[in-house]
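Participant: A structural model of the following input is requested.
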Amino acid sequence: MKLSELAAKTSARVEGSSVDIDVGGAAGLDEAKPGQVTFLANPRYTPRLKTTQASAIYVGEMVDLGRADIVALRAKDPYLAYTRALRLFHPEPAVAPSIHPSAVIDPTARVAENVFVGACSVIGAGTEIRSGVQIYPNVTIYDSVTIGKDSVVHSGAVIRERSQIGERVVIHNNVVVGCDGFGYAKDEQRHWLKIPQTGRVVIEDDVEIGAGTTIDRASVGESRIGRGAKIDNLVQIGHSCTVGEDTLLCAQVGLAGSSHIGDRVVLAGQAGVAGHLTIGDDVVLTAKSATSHDVPSGKVISGIPAFDNKDWLRSTAAFRRLGEMQRTLRDLQQRLVELEGTVLNQRGDNPFSGPIDSL
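Facilitator: Numbering: from 1, shown residues only. You can find the predicted model right below:
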């Protein structure tokens, strides 16, 4: 691909006259070879500009390359431009429509003609699989499920009854969508009585769900994942939860039942949200933090229980100095005892004639 063509397709501007060089791939600063394009988005990696072998590099408007042998591709967001280049050089592989002979499809299921169904997959009664869907081997789809156009379900995934999957959804290996919510009532003998989980899960368009994630269906009503949300591996989403549009749930995040997460929220790795809480739009909950209260829109919070990130940073800085502060406090305490003893001796009121250590 000519560099001028690549720039046009990735919303970048070629600086200089070398617009017709050929570019055959994209790679990181350290891995890029001649004939490839790379990017610089984080200033901490600027020294690597001296050693990269890339032919061209996506950079911001004000970055000085310091080299004349590399073509600058000026972009408002170099990382986004580089991502688009990667997608051009590595398109999703095409899968020919087919249904493996070992797949088990209920006669009442409606499966579009141009669908791929892999070996040993099972599709239940009343299910609808729309055009362009790819279902890889060993997938289990229960009754009355709908899967929208061009969605992909990878091996080992389970989609339980009544779940509704939108278009262009990607469900990775061993995901479970629509399993029973964790709901029990205690009876007169103090035994746990299971609450029927009669609801469903709705996954809207353009959602991606990482491997090993579980999304529980609601006891009544629905659990819903909003359009464009991205969910990492090993995330637990409890029953009756809602996750807003373009929200990121990173690895090992846990949402207790009836959590309501707004749009464009980022819950970093191992963050936790207690049940029946509302997290506003554009909130960031940093890694290993947990909240037990509602969070207003736009907040960045940290810690357990989580509070404002700036206050948390100050608190953790003070925590690291606790040992030093304790020694200082003991020294001040000793000096105070000695000072009080001196004052009492001067006034003749000290009942102790021995040294301060005897107090």
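Participant: Mind jotting down where the helices sit in the stretch 201-350 of the chain?
Facilitator: Ranges of helices in the stretch 201-350 of the chain, per DSSP state H, counting those that start in this stretch, are 309-320, 322-347.
Participant: Using CSV, lay out the ones you listed together with distance to Ala211.
Facilitator: No exception for glycine: its C-beta is placed from N, CA and C like everyone else's. Rendered in CSV, the data for these read as follows (distance: least, CB to CB, whole Å):
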stretch, distance to Ala211
helix 309-320, 30
helix 322-347, 40
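Participant: Is it possible to get TSV of those that adds mean neighbour count, mean pLDDT and distance to Arg217?
Facilitator: Listed next are the helices of the stretch 201-350 of the chain as TSV, based on neighbours: other CB atoms under 10 Å; pLDDT from 0 to 100; distance: least, CB to CB, whole Å:
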stretch	mean neighbour count	mean pLDDT	distance to Arg217
helix 309-320	12	76	34
helix 322-347	11	79	46
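Participant: Which one, of these, ends up nearest to Gly212?
Facilitator: Of all these, helix 309-320 sits nearest to Gly212, with 28.8 Å by CB to CB.
Participant: Help me confirm that His100 comes into contact with Val117.
Facilitator: Yes - contact criterion CB atoms under 8 Å: His100 and Val117 qualify, at 6.2 Å.
Participant: Comparing these two, which residue is more hemmed in?
Facilitator: Val117 (26 against 13; other CB atoms under 10 Å).
Participant: so the more buried one bridges to which residues?
Facilitator: With DSSP bridges as the criterion, Val117 is bridged to Ile99, Ile135.
Participant: Correct me if wrong: it contacts Ser98.
Facilitator: Yes - with contact defined as CB under 8 Å, Val117 counts as touching Ser98 (7.5 Å).
Participant: quick one: contacts for Asp180?
Facilitator: Gln197, Asp216, Arg217, His239 (CB atoms under 8 Å, 6 or more residues apart in numbering).
Participant: List buried residues within those residues.
Facilitator: Neighbour counting over the contacts of Asp180 (16 or more other CB atoms under 10 Å) leaves Gln197, Asp216, Arg217, His239 as the buried ones.
Participant: and the last one, what does it touch?
Facilitator: Which is His239. Contacts of His239 by CB under 8 Å, 6+ apart are 180-183, 197, 199, 216-219, 223, 257-258.
Participant: how close does the residue nearest the centre of the chain get to Gly298?
Facilitator: By CA atoms, centre = their mean, the chain has its centre lying nearest to Cys250, at 2.6 Å. Cys250 is 19 Å from Gly298, where distance means CB to CB, to the nearest Å.
Participant: Could you chop this protein up by domain?
Facilitator: Here the domain parsing of the chain from automatic domain parsing is 3-89, 157-311, 322-358.
Participant: In contact with the closest residue to Ala218 other than its chain neighbours, which residues?
Facilitator: Leaving aside its sequence neighbours, Ala218 sits nearest to Gly199 (CB to CB, 6 or more residues apart in numbering; 3.0 Å). Gly199 sits next to Arg162, Gly181, Arg217, Ala218, Ser219, Val220, Gly221, Glu222, Ser223, His239, Ser240 when contact means CB under 8 Å, 6+ apart.
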